[in-house]
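Chemist: this one's sequence-less:
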């Protein structure tokens, strides 16, 4: 058979290359079938690999959701089985020729053969190079198979909002009865089933966790609300109690208040005051003790009418007229322990902090006042 020269006016065909030899045509057809089978198998492996990648994503997501280990193990086993099936798929050697022809066609490369009488820009067979008409026919058939639209090619990438398990479910293999892909199909089905179970369980676990979190937040909110309501109730009760204390002695005359109507303080067993004044002095003492490491020292607090008379008799003008002293209402104290001296650290601290607890040093008792008494402090709450 002589050499075949193809000009640029027409593409070579199997029949043109093979002449009238039907055996060459059959051989080319067989090779084309092999190329087509190889292409389908390659596509099947590619689709299976996509399923493996998505299975890895499903597993990672499920592990974070605390899916039981036995379900993860089933997905791992199914994925390993699919990978083994992929490795076992035999792709006919002719697929390499098919892929090469496809790449050449995509690049638009042209082979130029010089026969001595003409030049071509299409594929040309030169027997001198050791090629045969059968090889040319097979190459043409393989290229045609490679260039043909792929049947049921893997689906386009799923939208970003679609999760990995949905993408696995969308993976399909090319429709073919080729027994070479049968194990691959079975393994892919197993991966799909395992991934669906794992993904569904992960969704359930996340829903349970979300419900538990919501319940915990609701319980915490309810507890906080209850605590706030209780604090408000206690505060209201205290305020009501203080209001009651303020008027509790109105039925008594100055210096004539019974002891049971007065209150003491924890740091001095002898001190007696109107109950709200005693409560405020407790708080003032706590702050004083925290700063100086010792409590306030009270030398006088409630003073009965008889004690006021005695004080006036003994100290003259230093004591108020009987029946007019704030001591007679249980609203004044005389302090020692350093507070009784102007210029001491204790007295200065009291000047700076006592008012925050509604205890003050009256102007007349201050240095430069009408009757300086650094020890005398009064409740003004």
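Modeler: Arrived safely, thanks for sending. No experiment lies behind these values; they were computed from the predicted model shown. Numbering: from 1, shown residues only.

Chemist: give the next helix or strand downstream of the helix or strand that contains residue 200.
Modeler: Secondary structure from DSSP states H and E places residue 200 in helix 182-247. Per DSSP H and E, the first helix or strand lying C-terminal to helix 182-247 is strand 263-265.

Chemist: pairing partners for the next helix or strand along the chain from that following strand, with directions?
Modeler: As assigned by DSSP H and E, the chain's next helix or strand after strand 263-265 is strand 268-273. Paired strands of strand 268-273, with direction, are strand 263-265 (antiparallel) (DSSP bridges).

Chemist: what's the mean pLDDT across the strand it pairs with?
Modeler: Average pLDDT, strand 263-265: 97.

Chemist: can you pull out the residues in contact with that strand?
Modeler: Contacts to strand 263-265, defined as C-beta atoms under 8 Å, 6 or more residues apart in numbering, come from residues 271, 272, 273, 274, 275, 278, 279, 281, 282, 285, 298. For glycine as for every other residue, the C-beta is placed from the backbone atoms N, C-alpha and C.

Chemist: tell me the buried residues in it?
Modeler: 263, 264, 265 (16 or more other C-beta atoms under 10 Å).

Chemist: likewise for stretch 28-46?
Modeler: Neighbour-count burial for stretch 28-46 flags 28, 31-32, 34-45 (criterion: 16+ other C-beta under 10 Å).

Chemist: and the contacts of strand 263-265, which are buried?
Modeler: 271, 272, 273, 274, 275, 278, 279, 281, 282, 285, 298.

Chemist: wait, what's in contact with the closest residue to the fourth one other than its chain neighbours?
Modeler: The shortest distance from residue 274 to any residue other than its chain neighbours is 4.1 Å, reached at residue 330 (C-beta to C-beta, 6 or more residues apart in numbering). Shown here is residue 330, whose contacts under the criterion C-beta under 8 Å, 6+ apart are 249, 257, 262, 272, 273, 274, 277, 301, 302.

Chemist: how about residue 350?
Modeler: Per C-beta under 8 Å, 6+ apart, neighbours of residue 350: 288, 335, 339, 359, 361, 377.

Chemist: what do you get if the cut-off is 10 Å, keeping everything else the same?
Modeler: Counting by C-beta atoms under 10 Å, 6 or more residues apart in numbering, residue 350 makes contact with 284, 288, 296, 335, 338, 339, 344, 359, 360, 361, 374, 377.

Chemist: give me the pLDDT value at it.
Modeler: With respect to pLDDT, residue 350 has a value of 98.

Chemist: wait, is it part of a helix?
Modeler: Yes: Residue 350: assigned to a helix according to DSSP: H, G, I helix; E, B strand; the rest coil.

Chemist: re the thing from before, which among the contacts of residue 330 gets closest to residue 171?
Modeler: Among these, residue 277 lies closest to residue 171 (C-beta to C-beta), at 83.1 Å.

Chemist: gap between the residue nearest to the closest one when sequence neighbours are not counted and residue 301?
Modeler: Once flanking residues are discounted, residue 277 sits nearest to residue 379: 3.9 Å by C-beta to C-beta, 6+ apart. Residue 379 is 10 Å from residue 301, where distance means C-beta to C-beta, to the nearest Å.

Chemist: next: residue 213.
Modeler: Separation of residue 213 from residue 301 (C-beta to C-beta) stands at 56 Å.

Chemist: ditto for residue 30
Modeler: From residue 30 over to residue 301 the distance is 119 Å, taken as C-beta to C-beta.

Chemist: and if you look at residue 239?
Modeler: Distance of residue 239 to residue 301, given as C-beta to C-beta: 24 Å.

Chemist: what's the overlap in contacts for residue 379 and residue 301?
Modeler: Taking C-beta under 10 Å, 6+ apart as the contact rule, the neighbours common to residue 379 and residue 301 are 273, 274, 277, 278, 281, 330, 331, 332, 333.

Chemist: list the buried residues in stretch 164-183.
Modeler: Buried residues in stretch 164-183, counted by 16+ other C-beta under 10 Å: 164-171, 173-174, 176, 178, 180-181, 183.

Chemist: what does stretch 256-270 give?
Modeler: 257, 261, 262, 263, 264, 265, 267, 268.

Chemist: please name the nearest non-neighbouring residue to the first one.
Modeler: This means residue 257. The shortest distance from residue 257 to any non-neighbouring residue, by C-beta to C-beta, 6+ apart, is to residue 249 (5.5 Å).

Chemist: I'd like to know how far the one you found sits from residue 362.
Modeler: Taking C-beta to C-beta, one finds residue 249 at 20 Å from residue 362.

Chemist: with neighbour numbers in mind, choose between these two.
Modeler: A side-by-side neighbour count of residue 249 and residue 362, using other C-beta atoms under 10 Å, places residue 249 first with 19 against 16.

Chemist: give me every residue that touches residue 207.
Modeler: Shown in contact with residue 207 (C-beta under 10 Å, 6+ apart): residue 65.

Chemist: show the model's pLDDT score for it.
Modeler: Looking at residue 207, its pLDDT is 95.

Chemist: likewise residue 11?
Modeler: pLDDT, residue 11: 39.

Chemist: wait, doesn't the residue nearest to residue 257 sit right on residue 331?
Modeler: Yes: at 9.3 Å, residue 249 and residue 331 qualify as touching, with contact defined as C-beta atoms under 10 Å.

Chemist: who touches both of these two?
Modeler: What both residue 249 and residue 331 touch, as defined by C-beta under 10 Å, 6+ apart, is the set residue 274.

Chemist: of the contacts of residue 330, closest to residue 61?
Modeler: The closest of these to residue 61 turns out to be residue 277 (C-beta to C-beta; 66.7 Å).

Chemist: rounded mean pLDDT for the helix or strand in which that closest one is found, please.
Modeler: For residue 277, the element it lies in under DSSP H and E is helix 275-292. Mean per-residue pLDDT for helix 275-292: 98.
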